[in-house]
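**Q** Coordinates for the following, if possible.
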Amino acid sequence: MRLQHLASVAALVVLGVVSAGSAPATGNGAASKPKPVRVFVHDASVLEGASGTASLSFRVTLSRTPTKRLSVRYATADGTATAPEDYAAAKGTLTLGPSRRTARIVVAVKGDTVVEEDETFVVKLARAVGAKLGRATATGTIRNDDELPKLVAGAPVAVGNGAGLPAPFASGTWVPVTADGTLARVSGGAVVSRTTVGVPTTDLGMLDTAVTDDQSVVTRLIWAASDAGARITAVNPRDGSVVKQFDVTARPGGLDATERAVWAFHFLQGTITRIDIPTMTARTFEVPGAKATGIAWNEGFLWLLTTQPSRALQLDPDTGAVKRTIDLNPPFPRRRSLIDTWWLSAGAGVWATLPNNGAVARIDPVSGAVQYFPTTPYGDPFSVAVGSSGVWVATDRAVLELDGTTGAPKAAASMPTADRTGFVSIAYQYGAAWLGNYDRGTLTALTEPGTPLPPPA
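**A** Coordinates of the predicted model:
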């Protein structure tokens, strides 16, 4: 009987049976308390519009109906969108209660006609009275609804795997083809000749380039740099014959030229090769500590783009002595981990591409001031060329024309994606931009909206 009695008591405990009118049992013998009311704020988005303001409304909710009034404070905070340029900062206190379980925080968003990436800011809740915070931060997205005029793009011409930086000329556009080590001349929409200038390679890290010494009255030669071949070749643009070849330091990564000299940087090194055109002799000089990614001539000075750290160096073109150092610190978050700097071009300012940050930089060659312009709505920028009426930027999936003074986008065109390497190279000459797509092995001509294309590339 004693054992039966104990078993009955145990069963009653397990089943939670209690005497009538008693409080439910808890682990510590106390009565359970109702769960606190929690406050939640939810994400929101809105199209920005072309002018005036739009309302971005954040919904605030409670986990359950409260028995009395409660309050919570809120405030906005910048993200990629900033106040007051993109939206009007807001802060205040919300009051909710038994008859009001939801509320809204309304923020005014400013419209514009600038083509840009979607931008965000946040609303944060704090200091809840009579409730606890559930979801205390919400993201507001200002969705871009602007569209640029479309650039005119010609039909792509197949030149071969690993198409590099083209060199436009009256006799055709010369395109270095990294995979077979040739310089292809494109005319009438087809490859009409090839000149061997380098060493064939299928290494995806190698990129060949070309340039004309066209800053003189008469263009003399086409110059091609073979990345894998450690060679710079001068080619006669009239018949494609080799005038002279120069064996140089490993990895000549890019060229620029004037009427008197050609300069080549060597990828991720401090070596610069200078070829004097009148004597056709080559020499080198060193820029200590530099890891070069681009080179350009501007107004009597040579400019060198470097990475780790990201800098633009103004150099004496005859000695390589550093005259000025300009740090590049883009105010945009890193988007990828390829390389911080990649290409340099000069004309109305010195322009550099910053692929990891999805931006280009404009350096004032006189004051050294730097402006940054995002390209992320159209991809990550790799190459840049200064044209007669704008700056042309090639991303991994589009081409943009920017205003050369303000950096504002003027026109754009989507292009076949360079989806393996991202290597796209752009040059400007004869009223058109010429795009080499490494992954697609193509050359494409582009012009401004309403402007006819030049004769078939």
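**Q** hey, let's count contacts and neighbours off CA atoms from now on
**A** Noted.
**Q** what's the spatially most central residue of the chain in contact with, if anything?
**A** By CA atoms, centre = their mean, the mean C-alpha position of the chain lies nearest to Gly358, the distance being 1.5 Å. Listed by CA atoms under 8 Å, 6 or more residues apart in numbering, the contact partners of Gly358 are 332, 334-335, 374-376, 379-381.
**Q** same question, Asp276
**A** Asp276 makes contacts with 260-262, 282, as judged by CA under 8 Å, 6+ apart.
**Q** What residues of stretch 111-120 count as buried?
**A** 111-112, 115-120 (16 or more other CA atoms under 10 Å).
**Q** Which ones among those lie within strands?
**A** Of the positions in these, 119-120 sit in strands, assigned by DSSP state E.
**Q** will you turn the buried residues of stretch 111-120 into CSV that also has distance to Ala408 and pLDDT?
**A** Formatted as CSV, those follow (distance: CA to CA, whole Å; pLDDT from 0 to 100):
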residue, distance to Ala408, pLDDT
Gly111, 16, 88
Asp112, 13, 82
Val115, 8, 70
Glu116, 10, 72
Glu117, 13, 74
Asp118, 16, 83
Glu119, 17, 89
Thr120, 20, 95
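**Q** Could you list the domains of this protein?
**A** Using automatic domain parsing, the domain parsing of the chain gives 38-143, 152-447.
**Q** how about the helices of this structure, start to end?
**A** Along the chain, the segments classed as helices by DSSP state H run 2-14.
**Q** Show me the shaky parts of it.
**A** Residue ranges of the chain with pLDDT under 70: 1-32, 146, 214-219, 456-457.
**Q** Now do the strands in the stretch 1-150 of the chain.
**A** 38-41, 44-47, 53-62, 70-78, 91-96, 102-110, 119-129, 132-135, 137-143 (DSSP state E, counting those that start in this stretch).
**Q** Out of these, flag the one nearest Thr353.
**A** When those are compared by CA to CA, strand 119-129 sits nearest Thr353, at 21.5 Å.
**Q** Can you pull out the residues in contact with that closest one?
**A** Outside of strand 119-129, the residues within contact range by CA under 8 Å, 6+ apart are 41, 70-82, 133, 136-144.
**Q** ChimeraX command for the buried members of the residues you listed?
**A** Applied in ChimeraX, the following selects the buried portion of these according to 16+ other CA under 10 Å:
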select :41,70,71,72,74,75,76,77,78,80,81,133,136,137,138,139,140,141,142,143,144
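**Q** Skip the chain neighbours and tell me the closest residue to Phe265.
**A** Spatially, and ignoring its direct neighbours in sequence, Phe265 is nearest to Ile272 (4.8 Å; CA to CA, 6 or more residues apart in numbering).
**Q** How many neighbouring residues does that neighbour have?
**A** By other CA atoms under 10 Å, the residues close to Ile272 number 26.
**Q** Could you list which residues are in contact with Glu147?
**A** Here Glu147 is in contact with Val115 (CA under 8 Å, 6+ apart).
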